[in-house]
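Trainee: 3D, please:
(one chain, ligands or ions: 1)
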Amino acid sequence: MPVYYHSTRDSGFTATASQAILQGLSKDGGLFVPDHIPELDKSLEELSRMDYRQVAYEVMKLLLSDFTKEELEYCISSAYDQKFDTEAIAPMRYADGAYFLELFHGRTIAFKDMALSILPYLMTVSAGKNQVKNDIVILTATSGDTGKAALAGFADVKGTRIIVFYPKNGVSAIQEKQMVTQKGDNTLVVGIHGNFDDAQTGVKKIFGDEELAKTLDQAGFQFSSANSINIGRLVPQIVYYVYAYTRLLGEGKVKAGKEINVVVPTGNFGNILAAYYAKEMGLPVHKLICASNDNKVLYDFFSTGTYDKNREFVLTTSPSMDILVSSNLERLIYKIAGEDAAQNAELMRQLSAGGVYSITDTMREGLKDFVGGCATVSETTETIRHIYEKDQYVIDPHTAVAACVYEKHVQESSDGHVTVIASTASPYKFTRSVMEAIDPASANEEDFALADRLCELSGVKIPAAVEEIRNAPVLHKTVCEKEEMTDVILKFLHID
Ligand SMILES: *Cc1c(COP(=O)(O)O)cnc(C)c1O
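Mentor: Numbers count the residues shown, from 1 in each chain. Okay, here's the model as predicted:
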C-alpha cells in the first residue's frame with residue numbers, strides 16, 4: 001500500500017512523498033506525516049547481510065512510495081559514497097557498556113550528514129517528478145550542525161540556492177568557521193543577533209508568508225526546507241537504526257527479535273523520532289531514551305505531560321541541543337492524539353500563544369516507550385573524562401549527554417538490554433569542551449592546536465573537515481537582526 005503524507009494540523013490534505021519533500025512544511029504550519037507506517041518487508045537476518053546502501057533502499061522504498069527503484073538507488077548511491085571516510089558509513093564502537101553508533105563519518109563530521117548528503121538528490125528528483133520550473137531556495141535555521149551539513153550538501157547543486165541563518169553567539173568556533181568558509185555561488189550564511197529559537201521562528205514565519213512566496217514565484221524561485229521537519233531528512237535517519245540492529249545481529253551480539261535500547265541526544269526531536277518510526281516499522285526496540293542537556297524541556301515533558309518553553313535558555317557545551325521548541329515533537333503529539341489533527345492543532349496554538357500545553361492521560365499512555373533523562377554541563381564533562389580514562393575512547397559533548405543519561409537510567413532501573421547510543425558528532429567538532437574534560441592543562445591553547453593535542457591523546461586522525469578550514473578564508477560576513485531576515489534573502493536573490 002503506497003504511503004501518502006498529510007499535515008499534522010489538517011488530515012484532509014494529501015501529498016505524495018516527493019511533494020512533501022519539495023514543500024518541507026505544510027501550508028497550515030503543520031508537519032507532514034505518513035498516513036500509515038509500513039512494516040519492514042525483509043527479515044532482520046536478510047537485512048543483516050546487506051550493506052548500508054542496500055539497507056537504505058529497503059527502508060526508504062517503504063516510505064517514499066512515489067520514487068521509482070532507479071530514482072531511489074540513484075539518490076542512495078550518490079549520497080553514501082566516498083564522502084564518508086569509512087565503508088561502513090555508520091560504524092559502531094563498544095565502550096563503557098554500550099554500543100556507540102558513530103554517525104559522524106560524513107563530510108561535516110556531525111550526524112546531520114546522514115540525511116543531508118541525500119536530501120539534495122531527493123529534492124532535485126522530486127522537482128523533476130513534479131514539473132517544478134522554479135529554482136529551489138533552501139532556507140535553514142541552524143544551531144550549528146545542520147547549517148554546514150546543508151551547505152555541503154547543496155553547494156553548487158544546479159537549480160538550488162541555500163541560505164543558512166545561525167545564532168551569531170550560539171555556535172562553537174569550529175562550527176562557525178566551517179560555515180563562514182563555505183564555497184559555492186549559490187550559498188549564503190548569515191549570523192543573527194538572537195538564539196536558535198529566534199532563527200527557527202524567523203524561518204518558520206518566512207515560510208508562512210504568502211505575499212513573499214508570490215514575490216519569489218514571480219522571480220522564478222520557491223522556498224523549501226532542509227531542517228529536520230522535512231520528511232526527506234527524517235526518512236534517511238530511520239535507516240541507521242535498522243542498520244545498527246542488523247549489524248549487532250550479524251555479529252551475534254543480539255538474537256533476532258530481542259529488543260535493544262536506543263539512546264539519543266536530543267534537540268529538535270528528529271533523530272529520536274526516526275528511531276521511534278524504526279520501532280513502528282518492526283525493529284525490536286525496548287526503550288527510546290531521550291537525552292536532554294540543561295535545556296530539559298523534553299525531560300520535564302516526559303515526566304509531567306506538560307510542555308513548557310517558558311524558561312531561561314541555557315547556553316551549554318552541547319549547542320546543537322540548546323533548543324526550547326523541539327519541532328519534530330509535533331509529529332509524536334499528533335500520533336498520540338490518535339492522529340487527531342484538530343486536537344494537535346489546538347495544542348500547537350497554545351504553544352505558540354502561551355509557550356505551554358499539557359497532554360491528556362490517554363495521550364501520556366502513548367509515551368510509554370520513551371524515557372526522558374537529562375545531564376548538566378558538569379556531568380557531561382565528567383562523562384567524557386570517565387569514558388576516556390576507562391576505555392581511551394573520546395566522545396563529543398552531545399554524545400556524552402546521552403552516555404550520562406544512559407548511565408543514570410541503568411542505575412535507576414537496572415535495565416539490562418543491549419544498548420545503542422547515537423553518537424552524533426566527532427569530538428573534533430567540539431575540541432575545546434572535549435579537551436577541557438580530558439586535558440584541562442591545554443585549555444588556553446587556540447582551536448587548531450587543541451585539535452593537534454586531541455589527535456595525540458586519542459590516536460584518531462584529524463578529520464579532513466577540520467584540516468580543510470584551518471587556513472580557509474572567511475567568505476560570509478553578513479550579520480543581521482532577526483527582523484531583517486526577509487530583506488537579506490531578497491537581496492541575495494536580487495529581488496527588489
Ligand atoms: C542536531 C544535533 C543533535 C540533535 O538532534 P535532533 O534531531 O535535533 O534531536 C544532537 N547532536 C548533534 C551533534 C547534532 O548536530
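Trainee: How far does stretch 420-439 stretch from one end to the other?
Mentor: 27 Å (C-alpha to C-alpha, to the nearest Å).
Trainee: tell me the mean pLDDT over that stretch?
Mentor: Stretch 420-439 comes out with an average pLDDT of 96.
Trainee: Equivalent analysis for stretch 183-194, please.
Mentor: Here the average pLDDT along stretch 183-194 is 96.
Trainee: roughly how far is the longest helix seen in the chain from the heart of the chain?
Mentor: Under DSSP state H, the helix in the chain containing the largest number of residues is helix 231-250. Helix 231-250 has its average C-alpha position 14 Å from the chain's average C-alpha position, going by C-alpha atoms, centre = their mean, to the nearest Å.
Trainee: just the helices in the stretch 51-200 of the chain please.
Mentor: For the stretch 51-200 of the chain, the helices defined by DSSP state H, counting those that start in this stretch cover 52-63, 69-79, 112-116, 119-129, 145-154, 173-180, 196-208.
Trainee: For the second one, enumerate the helices and strands it packs against.
Mentor: The reference is to helix 69-79. Here helix 69-79 touches helix 52-63, helix 119-129, going by 3 or more C-beta pairs under 8 Å, 6 or more residues apart in numbering; DSSP states H and E. In this view, the C-beta of every residue, glycine as well, is placed from N, C-alpha and C.
Trainee: how many degrees apart are it and helix 119-129 in direction?
Mentor: Helix 69-79 and helix 119-129 meet at an angle of 150 degrees, taking axes from the mean of the first three to the mean of the last three C-alpha atoms, to 10 degrees as the criterion.
Trainee: The longest one now?
Mentor: Here the directions of helix 196-208 and helix 119-129 differ by 10 degrees (the same axes, to 10 degrees).
Trainee: Just the angle for helix 196-208 relative to helix 145-154, thanks.
Mentor: 50 degrees.
Trainee: got the CA coordinates for helix 196-208 in PDB?
Mentor: What follows is helix 196-208 as a C-alpha-only set of coordinates in PDB (Å, rounded to 0.1, in the frame of the first residue of the first chain):
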ATOM      1  CA  PHE A 196      18.500  29.400  17.800                       C
ATOM      2  CA  ASP A 197      14.800  29.600  18.600                       C
ATOM      3  CA  ASP A 198      14.700  33.200  17.200                       C
ATOM      4  CA  ALA A 199      16.300  31.900  14.000                       C
ATOM      5  CA  GLN A 200      13.900  29.000  13.700                       C
ATOM      6  CA  THR A 201      10.900  31.100  14.400                       C
ATOM      7  CA  GLY A 202      12.000  33.700  11.800                       C
ATOM      8  CA  VAL A 203      12.400  30.900   9.200                       C
ATOM      9  CA  LYS A 204       9.000  29.400  10.000                       C
ATOM     10  CA  LYS A 205       7.400  32.900   9.600                       C
ATOM     11  CA  ILE A 206       9.100  33.400   6.300                       C
ATOM     12  CA  PHE A 207       7.700  30.000   5.100                       C
ATOM     13  CA  GLY A 208       4.200  31.100   6.100                       C
END
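Trainee: List the buried residues of whichever helix or strand comes after that helix.
Mentor: Per DSSP states H and E, the first helix or strand lying C-terminal to helix 196-208 is helix 210-218. Across helix 210-218, burial judged by 16 or more other C-beta atoms under 10 Å covers 212, 213, 215, 216.
Trainee: Please identify which pair of those residues lies farthest apart.
Mentor: 213 and 215 (7.4 Å; C-beta to C-beta).
Trainee: Look at residue 373 and report its pLDDT.
Mentor: Residue 373 is given a pLDDT of 98.
Trainee: so what's the backbone phi/psi at the nearest residue to it once chain neighbours are set aside?
Mentor: Once flanking residues are discounted, residue 373 sits nearest to residue 405: 3.4 Å by C-beta to C-beta, 6 or more residues apart in numbering. Main-chain torsions, residue 405, degrees, to the nearest 10: phi -60, psi -40.
Trainee: Test my guess that residue 405 contacts residue 287.
Mentor: No - counting by C-beta atoms under 8 Å, residue 405 stays clear of residue 287, with 11.4 Å between them.
Trainee: Now do the closest residue in space to residue 92 that isn't next to it in sequence, the pLDDT please.
Mentor: Sequence neighbours aside, residue 99 is the residue nearest to residue 92 in space, at 4.8 Å (criterion: C-beta to C-beta, 6+ apart). Residue 99 is assigned 98 on the pLDDT scale.
Trainee: Which strands and helices lie in contact with the helix or strand containing residue 364?
Mentor: Following DSSP H and E, one finds residue 364 within helix 361-365. Judged by 3+ C-beta pairs under 8 Å, 6+ apart, the packing partners of helix 361-365 are helix 329-336.
Trainee: which residues are contacting the helix it packs on?
Mentor: 8, 30-31, 33, 269, 273, 276, 298, 301, 307, 340-341, 344, 347-348, 359, 363-367 (C-beta atoms under 8 Å, 6 or more residues apart in numbering).
Trainee: Mind checking which of those residues land in helices?
Mentor: Checking the contacts of helix 329-336 against DSSP H, those in helices are 273, 276, 298, 301, 341, 344, 347, 348, 363, 364, 365.
Trainee: now the last one: how far from the ligand?
Mentor: If you measure residue 365 against the ligand using C-beta to the nearest ligand atom, to the nearest Å, the figure is 23 Å.
Trainee: Give me the neighbour count for that residue.
Mentor: If you count neighbours by other C-beta atoms under 10 Å, residue 365 ends up with 9.
Trainee: Find the nearest non-adjacent residue to it, please.
Mentor: Excluding the flanking residues, the one nearest residue 365 by C-beta to C-beta, 6+ apart is residue 336, at 7.9 Å.
Trainee: got it, and the second one?
Mentor: In this structure, residue 276 finds its nearest non-sequential neighbour in residue 288, 5.7 Å apart by C-beta to C-beta, 6+ apart.
Trainee: So the one you found, which state does it fall into?
Mentor: strand (DSSP: H, G, I helix; E, B strand; the rest coil).
Trainee: returning to what we had before: neighbour count winner among residue 405 and residue 287?
Mentor: The neighbour comparison of residue 405 against residue 287 (other C-beta under 10 Å) goes to residue 405, with 29 against 20.
Trainee: separation between the more buried one and residue 249?
Mentor: Computed as C-beta to C-beta, to the nearest Å, the residue 405 to residue 249 distance reads 25 Å.
Trainee: Hmm, residue 423 is touching residue 100, no?
Mentor: Yes - using C-beta under 8 Å, residue 423 is in contact with residue 100, at 4.3 Å.
Trainee: Remind me which helix or strand residue 324 belongs to.
Mentor: With DSSP H and E as the test, residue 324 turns up in no helix or strand.
Trainee: contacting residues for it?
Mentor: Counted by C-beta under 8 Å, 6+ apart, residue 324 has contacts 197, 295, 297, 309, 311, 313.
Trainee: next one: residue 359
Mentor: Contacts of residue 359 by C-beta under 8 Å, 6+ apart are 305, 306, 307, 333, 336, 337, 347.
Trainee: on that earlier part again, can you check the pLDDT for the residue nearest to residue 373?
Mentor: pLDDT, residue 405: 98.
Trainee: can you pull the contacts of it?
Mentor: Listed by C-beta under 8 Å, 6+ apart, the contact partners of residue 405 are 263, 289, 291, 292, 373, 374, 375.
Trainee: Return the set of residues that bridge with the third one.
Mentor: Assessed by DSSP bridges, residue 291 has beta-bridge partners residue 265, residue 373.
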